[in-house]
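K.L.:
The following comprises the amino acid sequence and a computationally predicted model.
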Amino acid sequence: MSVIFNNDPFIAEKVIDLVLRERQSSLSAREWKHRLAGYGYAIKDTDHGQVVETLPHHVEVAVIPAQPNA
C-alpha cells in the first residue's frame, strides 16, 4: 500500500477548520488530541508550532495557526 499526499490548500483549510472547532469543544489538550485521533489526525509539536498530521502514516497536512491570547 502506498501513501499519496496531495498538497491541496482547500483540503488543508477544511482540516484546520475541523482542528480549531474541536479545540474549542475540548476541555483540555489531552481531550483535544484524543478527539482528533478519532478523525484520523494527530498533533505534532515542532519548533515552528503545531502541525496536523494523518494517522497512522504521519503525513503532515498543515500548520495550526497560533491560538490568540484571550
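P.N.:
Nice, I can see it. Numbers count the residues shown, from 1 in each chain.
K.L.:
how would you label the residue nearest the centre of the chain: helix, strand or coil?
P.N.:
Residue closest to the mean C-alpha point of the chain, counted by C-alpha atoms, centre = their mean, is residue 52 at 3.0 Å. Look at residue 52: counting by DSSP: H, G, I helix; E, B strand; the rest coil, its state is strand.
K.L.:
Check whether it really touches residue 60, as I assumed.
P.N.:
Yes: here residue 52 reaches residue 60: they are 7.4 Å apart, a contact under C-beta atoms under 8 Å. Backbone N, C-alpha and C define where each C-beta goes, glycine included.
K.L.:
Output the longest helix belonging to this structure.
P.N.:
Longest helix of the chain, by residue count under DSSP state H: helix 9-25.
K.L.:
which element follows that helix toward the C-terminus?
P.N.:
Moving toward the C-terminus from helix 9-25, the next helix or strand (DSSP states H and E) is helix 29-39.
K.L.:
buried sites along that following helix?
P.N.:
Neighbour counts over helix 29-39 (16 or more other C-beta atoms under 10 Å) mark 32, 35-36 as buried.
K.L.:
Mind checking what secondary structure the closest residue to residue 16 other than its chain neighbours has?
P.N.:
Spatially, and ignoring its direct neighbours in sequence, residue 16 is nearest to residue 62 (5.4 Å; C-beta to C-beta, 6 or more residues apart in numbering). Following three-state DSSP, the label given to residue 62 is strand.
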